[in-house]
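In: dropping the sequence and predicted coords here.
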Amino acid sequence: MFRNQILQMTEENESEMASRLANITFFVNFALLLAKVIASALSGSISIISSMVDSLVDLTSGFVISVSSKLIKERDPYLYPRGRAQLEPISLILISVIMGLTSIQLIIQSAYRIHEAFLYDFYGKGEEPTLDMGWPTVLIMISTICIKFGLFLICQKNTSDSSIAVLAMDHRNDCISNSIALVCAWLANKFYYYLDPIGAIFVSFYILHTWVQTGKEHILQLSGKSADPEFINRIIKVCIDHDERIEKLDTVYVYHYGTKFLVEVHIVLNEEMPLRIAHDISEDLQINIESLPDVERAFVHIDYEFEHKPQDEHIVS
């Protein structure tokens, strides 16, 4: 019981840390967004604009994660008996969709810039594409990269919480995308204009790929995907080592319930065992399983034989 309380306090601390880092990220992204609006207006670079749009989406994602973390902490045993842990993957899927659509729009806009430059270079149509990568723009972008790298290092130390892990990934992506945007815009200004929209396309594809993978992962979690065999074996070992009066393990199900796992275990006890003892064994096992940091809830079912089929116990629609 004491171990369970310690783990519960650890989870609450992680949730608090996630909320605090989400709030810090929100205010930092707001300041960086204002700075990048100025840099985009001064430079006219599509790479810098893509970086600005990325900051705008980061601002939205930080707000969504902050709100979801707050809602998860506010538990209502009547409206949400099992809590609202699934809000976390839902919010992350929402962010993935927003980031994906934004990246596609930037790719389209960059291709249009290339088309306009091509028409001017080969047919003399339209206006000459120009960039202005002055020192204010360069300074803003370098400052952004340094700030994002610092936030990445802070979040990387607390990646046991999935929300913080996503923030760390986002800060890492921002470091890479802002670096590419700065280099491509500067080279385009000095040597070859096409490098600017090409850099924007590269950054957009990188962001799109990253967030598609994130969205796919959390969709699988909401779908109730089974845990890895290694974690299932860990649950089995906990059950086997729990009490020598457990004769057999009939069924063990471990599957995602949001970002964590829901565990169903069927144990076989002696049919002559008193109800009080059987209840204490199963309840202690339940508490033991739920003390694992990746387990959201555990259900321990008691049986006296193991020859029936597990699927016969439930009506599956």
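Out: That came through fine. Numbering: from 1, shown residues only.

In: average pLDDT for the one helix or strand Phe261 maps to?
Out: Counting by DSSP states H and E, the element that carries Phe261 is strand 260-268. In this model, strand 260-268 carries a mean pLDDT of 92.

In: stretch 116-126 now?
Out: Here stretch 116-126 scores 82 as its mean pLDDT.

In: output that stretch as CSV, restricted to C-alpha atoms.
Out: C-alpha atoms of stretch 116-126 as CSV (Å, rounded to 0.1, in the frame of the first residue of the first chain):
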residue,chain,number,x,y,z
GLU,A,116,6.3,32.2,-59.8
ALA,A,117,10.1,32.3,-59.7
PHE,A,118,10.2,29.9,-62.7
LEU,A,119,7.9,32.1,-64.8
TYR,A,120,10.0,35.2,-64.1
ASP,A,121,13.3,33.5,-64.8
PHE,A,122,12.3,31.9,-68.1
TYR,A,123,9.5,34.0,-69.4
GLY,A,124,9.9,37.4,-67.7
LYS,A,125,6.4,37.2,-66.2
GLY,A,126,5.5,38.7,-62.8
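
In: about what we covered before: buried sites along the strand holding Phe261?
Out: 260-267 (16 or more other C-beta atoms under 10 Å). Placement of C-beta: from N, CA and C, glycine included.

In: paired strands for it, with orientation please.
Out: strand 248-257 (antiparallel), strand 295-303 (parallel) (DSSP bridges).

In: now the ones you listed in JSON lines, with distance to Ala31 and mean pLDDT?
Out: JSON lines is the format used below for the strands paired with strand 260-268 (distance: least, C-beta to C-beta, whole Å; pLDDT from 0 to 100):
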{"stretch": "strand 248-257", "distance to Ala31": "36", "mean pLDDT": "90"}
{"stretch": "strand 295-303", "distance to Ala31": "36", "mean pLDDT": "91"}
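
In: before we move on, the earlier item: and the strand holding Phe261, C-alpha only, in CSV?
Out: Provided in CSV are the C-alpha atoms of strand 260-268 (Å, rounded to 0.1, in the frame of the first residue of the first chain):
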residue,chain,number,x,y,z
LYS,A,260,-1.5,3.7,-20.2
PHE,A,261,-2.7,0.1,-20.0
LEU,A,262,-5.8,-1.7,-18.7
VAL,A,263,-5.1,-5.2,-17.3
GLU,A,264,-7.5,-8.1,-17.0
VAL,A,265,-6.3,-11.2,-15.1
HIS,A,266,-8.1,-14.4,-14.4
ILE,A,267,-6.6,-16.4,-11.5
VAL,A,268,-7.5,-20.0,-10.5
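
In: for it, what is the distance to the chain centroid?
Out: 26 Å (C-alpha atoms, centre = their mean, to the nearest Å).

In: next structured bit after it?
Out: Strand 260-268 is succeeded, C-terminally, by helix 275-290 (DSSP H and E).

In: any weak-confidence spans in the protein?
Out: 1-15, 62, 158-163, 308, 310-317 (pLDDT under 70).

In: ok, so of the buried residues of strand 260-268, who is nearest Ala200?
Out: Nearest to Ala200 among the buried residues of strand 260-268 is Lys260, at 38.0 Å by C-beta to C-beta.

In: name all residues that make contact with the closest one.
Out: 85, 294-296 (C-beta atoms under 8 Å, 6 or more residues apart in numbering).

In: mind doing that once more with 6 Å?
Out: 294, 296 (C-beta atoms under 6 Å, 6 or more residues apart in numbering).

In: which outside residues touch the helix or strand where Cys239 lies?
Out: Element membership of Cys239, judged by DSSP H and E, is helix 229-242. Contacts with helix 229-242, where a contact means C-beta under 6 Å, 6+ apart, come from 249, 252, 254, 263, 265, 285, 289.

In: just grab the bridge partners of the third one for me.
Out: It stands for Val254. Going by DSSP bridges, Val254 forms beta bridges with Val263.

In: ok, it touching Val263?
Out: Yes. Between Val254 and Val263 a contact is recorded at 5.2 Å, counting by C-beta atoms under 6 Å.

In: pull the number of nearby residues for Ala18.
Out: A count of neighbours around Ala18, defined by other C-beta atoms under 10 Å, yields 26.

In: now do the one 3 residues further on
Out: Taking other C-beta under 10 Å as the neighbour definition, Leu21 ends up with a count of 24.
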